[in-house]
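S.K.: mind folding the following:
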Amino acid sequence: GIRRHHVYFNFLLMKPYSILLLLCMCLQGSAWAQPGPPRENTERLESLRIAYLTERLSLTPEESKQFWPLQSAHESEMEAMRDAMKMEKESFDATQASQREILNFVEKMAEQRKAMIDFETSHLIAVADVLGAERALKLPELQRELARRIRERMGAAQKKGGHGPRQQGRRQAPNRSRLL
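M.R.: Numbering: from 1, shown residues only. I've put the predicted structure just below:
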């Protein structure tokens, strides 16, 4: 009946995403296991991130058109905010600062963190307008999960191939799951 055609139509809409996800799964090992130019690895990671979030958030093509520009702008701004904080921290020398200068620096860092939280909140509200509140609330957890999986895969690739020194003293979680 009508319901059967509706389910089949939804399947046809999601087929390109399923194919993209399958392609990314096939390529996932090469994204971390093989050394390559940083730009190439960045592009692979970006493709995997897009496929992962698209699949996990069950984005329709129309939702993707609205979501990804919002998400990209948000990520760029957050990166700029983190970079600014990092530069501030690196340029501040507490050994040469007075007590008042140290307190001012701590307050400035706290204000920057608050601004980041406010920005994150406004982004989630904008995403909720596109995807609904339930899926918008899943976004931060999905991003943390993806980052954790990437770190695990990169650690496993380093261990297998010896690419770069491993950080001493840091305990890494066992690799219990694959990326996608």
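
S.K.: for this structure, which segments count as helices?
M.R.: Here the chain has its helices, by DSSP state H, at 2-33, 38-56, 61-91, 99-131, 133-161.

S.K.: can I get those helices in CSV with mean pLDDT and mean neighbour count?
M.R.: In this view, the C-beta of every residue, glycine as well, is placed from N, C-alpha and C. Formatted as CSV, the helices of the chain follow (pLDDT from 0 to 100; neighbours: other CB atoms under 10 Å):
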stretch, mean pLDDT, mean neighbour count
helix 2-33, 46, 13
helix 38-56, 86, 16
helix 61-91, 95, 13
helix 99-131, 96, 13
helix 133-161, 88, 15
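
S.K.: residues touching residue 94, list them.
M.R.: 102, 105 (CB atoms under 8 Å, 6 or more residues apart in numbering).

S.K.: mind pulling up the pLDDT for it?
M.R.: On pLDDT, residue 94 comes in at 91.

S.K.: how near is residue 127 to residue 72?
M.R.: Using CB to CB, to the nearest Å, residue 127 is found at 12 Å from residue 72.

S.K.: same question for residue 103.
M.R.: In terms of CB to CB, residue 103 sits 37 Å off from residue 72.

S.K.: please apply the same query to residue 120.
M.R.: 15 Å.

S.K.: what's the answer for residue 156, then?
M.R.: 29 Å.

S.K.: not counting its neighbours along the chain, what's nearest residue 146?
M.R.: residue 52 (5.4 Å; CB to CB, 6 or more residues apart in numbering).

S.K.: close enough to count as contact, that neighbour and residue 150?
M.R.: No: shown here, residue 52 and residue 150 do not form a contact pair, counting by CB atoms under 8 Å, at 9.7 Å.

S.K.: dihedrals phi and psi, residue 92?
M.R.: phi -90, psi 130 (degrees, to the nearest 10).

S.K.: what about residue 74, distance to residue 105?
M.R.: Distance from residue 74 to residue 105, counting by CB to CB: 27 Å.

S.K.: same deal with residue 48?
M.R.: Residue 48 is 38 Å from residue 105, by CB to CB.

S.K.: again with residue 66
M.R.: From residue 66 to residue 105 the distance is 40 Å (CB to CB).

S.K.: equivalent analysis for residue 89, please.
M.R.: From residue 89 to residue 105 the distance is 9 Å (CB to CB).

S.K.: equivalent analysis for residue 40, please.
M.R.: Residue 40 is 39 Å from residue 105, by CB to CB.

S.K.: try residue 93
M.R.: 10 Å.

S.K.: what's the answer for residue 64, then?
M.R.: Residue 64 is 42 Å from residue 105, by CB to CB.

S.K.: cool, residue 129 as well?
M.R.: Per CB to CB, residue 129 is found 37 Å from residue 105.

S.K.: how about residue 158?
M.R.: Residue 158 is 35 Å from residue 105, where distance means CB to CB.

S.K.: no more questions from me, cheers.
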